[in-house]
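A.B. asks: Requesting a structural model of the entry that follows:
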Amino acid sequence: MTLHSDVAELLAGAGILDVDVDAAMADGHVRSAAYQRVVKVTAASRSRDRDRRIVATILRDPDEMASKTAVVALVDSIAMKATGPAEFRQWSAGLLPETDRLKTEAFREFIRRRIQDWLFFLSVEDGHVPTPAELAEVTYWMQRLLAEESASPAVLALLAESGRARKIRNIAQDRAGNRRLRAR
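C.D. replies: Coordinates of the predicted model:
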């Protein structure tokens with residue numbers, strides 16, 4: 001397979017007909033935007049059967065930054081739709097081997113960390129109250145997301161006390177003081 005045929009196949013499979021494949025070959029920004037559209041269509045699908053193949057195809061692109069960005073967008077979209085950590089763990093287990101296609105270790109690690117963060121988030125949403133040590137294991141991004149989104153008074157209290165940064169602690173403290181937490 002060539003990059004041209006990969007991009008053409010991804011676009012056709014997603015039903016995206018208004019992207020000029022030759023223009024996407026000539027301009028990495030056009031190709032990256034096309035990947036984002038493919039990811040959006042893929043994530044909106046009820047079936048997860050094609051996800052691994054789509055990720056493998058995207059990760060063949062020599063522009064690893066664009067590839068990683070598209071895969072992270074898919075991970076985020078699927079995690080936000082997951083019914084719980086078990087479902088997301090199973091889905092991501094099928095995806096992780098594909099990340100070995102990336103030559104840049106930092107990009108592989110970024111995707112792994114994002115998956116771990118989402119597993120943590122989903123377990124918290126499922127009722128798990130983390131310990132300070134568990135909280136310390138997740139990224140700033142995830143702590144901030146939890147501070148902004150969690151409806152658990154216990155999780156917000158933990159973040160207010162043990163959040164990585166003052167901003168996270170302040171957000172959690174403000175939200176913990178709010179008697180009517182936003183329900184998810």
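A.B. asks: what sits against Ala165?
C.D. replies: Tyr140, Gln143 (C-beta atoms under 8 Å, 6 or more residues apart in numbering). For every residue, glycine as well, the C-beta is placed using N, CA and C.
A.B. asks: how much space between it and Val55?
C.D. replies: 32 Å (C-beta to C-beta, to the nearest Å).
A.B. asks: cool, Val155 as well?
C.D. replies: 31 Å.
A.B. asks: Show me the helices in the chain, by range?
C.D. replies: 3-13, 21-26, 28-44, 51-58, 64-81, 85-95, 105-125, 132-136, 140-149, 153-162, 166-177 (DSSP state H).
A.B. asks: for this structure, what are the low-confidence residue spans?
C.D. replies: Along the chain, segments meeting pLDDT under 70 span 179-184.
A.B. asks: In contact with the spatially most central residue of it, which residues are there?
C.D. replies: Ranked by distance to the mean C-alpha position of the chain (C-alpha atoms, centre = their mean), the top residue is Asp76 at 2.5 Å. Applying C-beta under 8 Å, 6+ apart, we find Asp76 in contact with Arg114, Trp118.
A.B. asks: likewise Ser92?
C.D. replies: Val75, Ile115, Trp118, Leu119.
A.B. asks: With Val55 instead?
C.D. replies: Counting by C-beta under 8 Å, 6+ apart, Val55 has contacts Val71, Leu74, Leu95, Glu98.
A.B. asks: Ok, Phe121 next?
C.D. replies: Ala79, Met142, Leu145, Leu146.
A.B. asks: mind running it again at 10 Å?
C.D. replies: The neighbours of Phe121, taking C-beta atoms under 10 Å, 6 or more residues apart in numbering as the test, are Ala79, Met80, Ala82, Pro85, Phe88, Val138, Met142, Leu145, Leu146, Glu149, Ser150.
A.B. asks: And the buried ones among the residues you listed, selectable in ChimeraX?
C.D. replies: Per 16 or more other C-beta atoms under 10 Å, the buried members of the contacts of Phe121 correspond to this ChimeraX selection:
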select :79,82,85,88,138,142,145,146,150
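A.B. asks: need the contacts of Phe121 in JSON lines with distance to Gly127, can you?
C.D. replies: As requested, the contacts of Phe121 are exported to JSON lines (distance: C-beta to C-beta, whole Å):
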{"residue": "Ala79", "distance to Gly127": "17"}
{"residue": "Met80", "distance to Gly127": "18"}
{"residue": "Ala82", "distance to Gly127": "15"}
{"residue": "Pro85", "distance to Gly127": "11"}
{"residue": "Phe88", "distance to Gly127": "15"}
{"residue": "Val138", "distance to Gly127": "17"}
{"residue": "Met142", "distance to Gly127": "17"}
{"residue": "Leu145", "distance to Gly127": "17"}
{"residue": "Leu146", "distance to Gly127": "14"}
{"residue": "Glu149", "distance to Gly127": "15"}
{"residue": "Ser150", "distance to Gly127": "11"}
